[in-house]
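> Take a look and give me a structure for this.
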Amino acid sequence: MSERGCNCGAQPHCAYNRMVVFHREDGFYPVIGTACEDWALHASLNPGTVRITTIDDVQIWPEGTMQ
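Residues are numbered from 1 along each chain as shown. You can find the predicted model right below:
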């Protein structure tokens, strides 16, 4: 595991932080993780999450693709 908590080992890619937005029925909140974070796992651990987007509104979960 690197200093920043990433498990992919594809340096320097995993060294960068990525901000995403967790959307829920009653609102939203930002989350910062590593660039290769498993956002689907985070969504499964946070019941009530309806979608996850980047800060520029690109959907990455569900059914979206990370860019």
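> Next one: the spatially closest residue to F28 that is not a sequence neighbour relative to W39, how far apart?
Spatial nearest neighbour of F28, excluding adjacent residues (C-beta to C-beta, 6 or more residues apart in numbering): V21 at 5.3 Å. For every residue, glycine as well, the C-beta is placed using N, CA and C. V21 is 11 Å from W39, where distance means C-beta to C-beta, to the nearest Å.
> So for these two, which sits in the more crowded spot?
Taking other C-beta atoms under 10 Å, V21 and W39 do not tie; W39 has more neighbours (21 against 16).
> Can you pull the phi/psi pair for that one?
Per-residue torsions, W39: phi -70, psi -30 (degrees, to the nearest 10).
> I'd say it and I60 touch.
Yes: in terms of C-beta atoms under 8 Å, W39 counts as a neighbour of I60; the distance is 5.6 Å.
> that older thread, figure out the helix or strand that the residue nearest to F28 lives in.
Assigned by DSSP states H and E, V21 belongs to strand 17-24.
> what's the model's confidence in that strand, averaged?
Averaging pLDDT along strand 17-24 yields 91.
> which of the residues in that strand are buried?
When neighbours are counted by 16 or more other C-beta atoms under 10 Å, the buried residues of strand 17-24 are found to be 18, 20-23.
> Other residues contacting it?
Contacts with strand 17-24, where a contact means C-beta atoms under 8 Å, 6 or more residues apart in numbering, come from 4, 28-35, 37, 39, 42-43, 46, 48-55, 60.
> so where do the helices sit in the protein?
Along the chain, counting by DSSP state H, helices occupy 39-45.
> quick one, strands of it?
With strands called from DSSP state E, the chain shows them at 17-24, 27-34, 49-54, 59-61.
> any weak-confidence spans in the protein?
For the chain, the stretches with pLDDT under 70 are 1-16, 63-67.
> run the last query once more with 50
Within the chain, the stretches with pLDDT under 50 are 1-4, 65-67.
> quick one, what contacts A43?
22, 49, 52, 61-62.
> Thanks a lot, see you next time.
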